[in-house]
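Novice: Give me the fold of what follows.
(one chain, ligands or ions: 1)
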Amino acid sequence: MTFAHITGWGMSVPETILTNDDLSKMVETSDEWIRDRTGIRERRIVGDGQTTASLAVEASLKALQGANLHPTDIDLIICSTSTPEHIFPATACLVQDSIGATKAGAFDLLAACSGFIYAVNMAAQSIRSGAIQNALVIGSETLSRFVNWKDRSTCILFGDGAGAFVLQASDMPGGVLSAVMHSDGSGGDTLILQGGGSKHPATEATVLEGKHYIEMDGNEVFRFATRVMAQATRETLEMAGIELDDVQWIIPHQANIRIIAAAARGLKMPMERFVVNLDRYGNTSTASIPIATVEAAADGRLKPGDRIVLVGFGAGLTWGALAAEWTGPLPTERKVYPRRYRAWARIRSFLLRITRVIEGLIWGRGS
Ligand code: UT7
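Specialist: Residues are numbered from 1 along each chain as shown. Now for the predicted structure:
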């Protein structure tokens with residue numbers, strides 16, 4: 001029997017910090033209100049030249065390094081994002097090219113803040129079925145590029161960042177144990193970005209109407225979130241055949257400390273068993289769960305053999321949970337340096353582009 005283990009992890013956040021005090025100079029708000037109503041103190045914001053793909057690449061290289069895998073070992077790349085580099089091509093393909101993952105299939109997955117759970121589940125299923133051996137799963141967002149900085153009900157919440165996991169096949173029991181995924185499209189308009197899609201293609205009018213910004217009914221999303229977090233956690237644990245007492249860490253979507261506290265109450269679990277870092281990063285949507293996981297692993301909270309539950313909710317509406325046994329890198333003799341592949345990947349990408357131009361000259365365009 002094949003199991004899908006989480007063997008590598010990495011994160012990348014921009015250096016620029018936007019504090020609540022900074023925000024209070026932009027909109028009518030205060031550090032006190034934001035901390036009190038959300039738990040957020042500051043968030044990271046991308047600078048010039050940083051994009052969803054560039055954050056994803058950084059997080060991916062760290063995850064590959066941790067797992068001791070070459071980019072060329074990866075069979076599948078799934079990038080979960082609601083703020084992709086472009087509508088198409090997929091951001092996952094840009095990552096594939098950038099890191100030199102020559103044999104990987106690559107696609108984006110959009111399930112908003114629940115996306116990372118969906119993506120890890122998809123990768124784990126592919127591994128367990130025997131179809132692939134190694135997968136790279138990324139959650140990456142640049143929400144600051146889609147936020148209306150004049151709307152105090154949304155701009156205080158969101159931040160930018162990326163996290164990535166490497167998943168590997170092994171016959172050692174453990175890894176991803178179960179997952180549940182849910183959706184309710186009737187709530188789609190409670191959290192939406194309307195502009196630039198096929199219903200509202202970009203025009204001067206859509207830009208003037210502010211349709212290219214995130215719109216949210218915060219109270220509605222809050223009520224929905226507090227209802228589903230505990231419920232999804234229980235469902236996935238039941239599927240895995242694990243008791244809540246056997247779980248060391250719950251790693252929730254980092255949207256609002258009050259939502260996490262409600263989940264803790266619903267599960268009758270102390271807050272100390274929830275990984276929380278939203279005070280420093282705000283809500284980074286699909287990147288929030290992997291970033292919180294990476295920090296918990298880095299500071300030694302997460303140990304091999306620990307049982308964890310990832311649980312999240314978001315636009316769609318979507319929600320889900322995933323139970324796993326934390327593994328760490330699989331034993332291997334080799335030491336790899338995925339970053340060294342980047343120069344080679346750049347040359348390869350350049351040569352492929354040149355080849356395409358030469359082929360176009362030889363065969364003629366459109367013939
Ligand atoms: O990944 C999923 C993404 N979304 C979420 O997770 C959002 C879930 N919802 C929430 O986190 C909360 O609903 C918010 C943080 C968005 C809002 O908090 P709230 O405690 O539900 O506030 P509210 O919307 O009920 O507003 C209360 C008051 C209002 O004033 P009045 O009408 O009582 O005079 C708002 O206008 O607070 C006002 N307000 C603010 N005041 C200062 C709203 N935003 C702000 C602000 N600063 N930034």
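
Novice: I'd like the distance between the residue lying closest to F116 once chain neighbours are set aside and C79.
Specialist: Nearest-residue entry for F116: G139, 3.9 Å, with adjacent residues in sequence omitted and distances by Cβ to Cβ, 6 or more residues apart in numbering. (C-beta placed from N, C-alpha, C; glycine too.) G139 sits at a distance of 8 Å from C79 (criterion: Cβ to Cβ, to the nearest Å).

Novice: Pull up the overlap in contacts between those two.
Specialist: A119 (Cβ atoms under 8 Å, 6 or more residues apart in numbering).

Novice: Which elements pack onto the host helix or strand of L237?
Specialist: In this structure, L237 sits in helix 218-240 according to DSSP states H and E. Helix 218-240 sits against strand 175-183, helix 257-267, strand 307-314, strand 318-325, with contacts defined as 3 or more Cβ pairs under 8 Å, 6 or more residues apart in numbering; DSSP states H and E.

Novice: Quick one: mean pLDDT over the third one.
Specialist: If you average the pLDDT over strand 307-314, you get 98.

Novice: what do you get for the first one?
Specialist: Mean pLDDT, strand 175-183: 98.

Novice: helices and strands around it, which ones?
Specialist: Judged by 3+ Cβ pairs under 8 Å, 6+ apart, strand 175-183 is in contact with strand 3-12, helix 115-128, helix 218-240, strand 318-325.

Novice: between these, which one is nearest to the ligand?
Specialist: Nearest to the ligand, of all the helices and strands packed on strand 175-183, is helix 218-240, at 2.9 Å by Cβ to the nearest ligand atom.

Novice: For that closest one, give me every contacting residue.
Specialist: Contact with helix 218-240 is made by 153-154, 177-180, 182, 187, 190-191, 243-244, 247, 250, 252, 255-256, 258-260, 262-263, 266-267, 309, 311, 313, 317, 319-323, as judged by Cβ under 8 Å, 6+ apart.

Novice: Which element, helix or strand, includes the closest residue to the ligand within the stretch 1-150 of the chain?
Specialist: Relative to the ligand, the nearest point of the stretch 1-150 of the chain is T29 (3.3 Å; Cβ to the nearest ligand atom). Using DSSP H and E, T29 falls within no helix or strand.

Novice: what sits against it?
Specialist: T29 neighbours (Cβ under 8 Å, 6+ apart): 20, 23, 152, 156.

Novice: ok, of the residues you listed, which come out buried?
Specialist: Buried members of the contacts of T29, counted by 16 or more other Cβ atoms under 10 Å: 20, 23, 152, 156.

Novice: mind checking how far the residue nearest to I132 when sequence neighbours are not counted is from T142?
Specialist: In space, and not counting its chain neighbours, I132 is closest to D75: 3.8 Å by Cβ to Cβ, 6+ apart. Distance, D75 to T142, using Cβ to Cβ: 27 Å.

Novice: Looking at the two, which is more packed in?
Specialist: Taking neighbours as other Cβ atoms under 10 Å, D75 and T142 compare with T142 leading, 29 against 18.

Novice: Check whether that one really touches R44, as I assumed.
Specialist: No - counting by Cβ atoms under 8 Å, T142 stays clear of R44, with 10.2 Å between them.

Novice: Now list whatever residues contact both of the two.
Specialist: D160.

Novice: Give me the contact list for stretch 322-335.
Specialist: 5-8, 66-68, 117, 120-121, 168, 170, 172, 174-180, 236-237, 239-240, 242, 247, 297, 302-311.

Novice: now the end-to-end length of that stretch.
Specialist: The first residue of stretch 322-335 is 30 Å away from its last residue (Cα to Cα, to the nearest Å).

Novice: mind listing what's buried in that stretch?
Specialist: Neighbour counts using 16+ other Cβ under 10 Å place 322-330 of stretch 322-335 among the buried residues.

Novice: again, but for stretch 335-350
Specialist: 336, 338, 341, 345.

Novice: and if you look at stretch 135-150?
Specialist: Buried, per 16+ other Cβ under 10 Å, within stretch 135-150: 135-144, 146-147.

Novice: Just the ones of the residues you listed in strands?
Specialist: Counting by DSSP state E, the buried residues of stretch 135-150 place 135-142 in strands.

Novice: just curious, which of those residues is nearest to R37?
Specialist: E141 (21.6 Å; Cβ to Cβ).

Novice: Was I right to think that closest one contacts S80?
Specialist: No - E141 is beyond contact range of S80, at 9.0 Å (criterion: Cβ under 8 Å).

Novice: Relative to the ligand, which of the buried residues of stretch 335-350 is nearest.
Specialist: P338 (30.6 Å).

Novice: Give me the pLDDT for the closest one.
Specialist: 86.

Novice: Go ahead and produce PDB holding the CA coordinates of stretch 86-98.
Specialist: Output in PDB follows, covering the C-alpha atoms of stretch 86-98 (Å, rounded to 0.1, in the frame of the first residue of the first chain):
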ATOM      1  CA  HIS A  86      -2.600  35.900 -15.100                       C
ATOM      2  CA  ILE A  87      -6.000  34.400 -15.800                       C
ATOM      3  CA  PHE A  88      -3.900  32.000 -17.900                       C
ATOM      4  CA  PRO A  89      -1.400  30.400 -18.300                       C
ATOM      5  CA  ALA A  90      -1.500  28.800 -14.900                       C
ATOM      6  CA  THR A  91       0.900  30.200 -12.300                       C
ATOM      7  CA  ALA A  92       1.900  26.500 -11.600                       C
ATOM      8  CA  CYS A  93       3.400  26.400 -15.200                       C
ATOM      9  CA  LEU A  94       5.400  29.600 -14.500                       C
ATOM     10  CA  VAL A  95       6.800  27.900 -11.400                       C
ATOM     11  CA  GLN A  96       7.500  24.700 -13.400                       C
ATOM     12  CA  ASP A  97       9.600  26.700 -15.900                       C
ATOM     13  CA  SER A  98      11.300  28.800 -13.200                       C
END
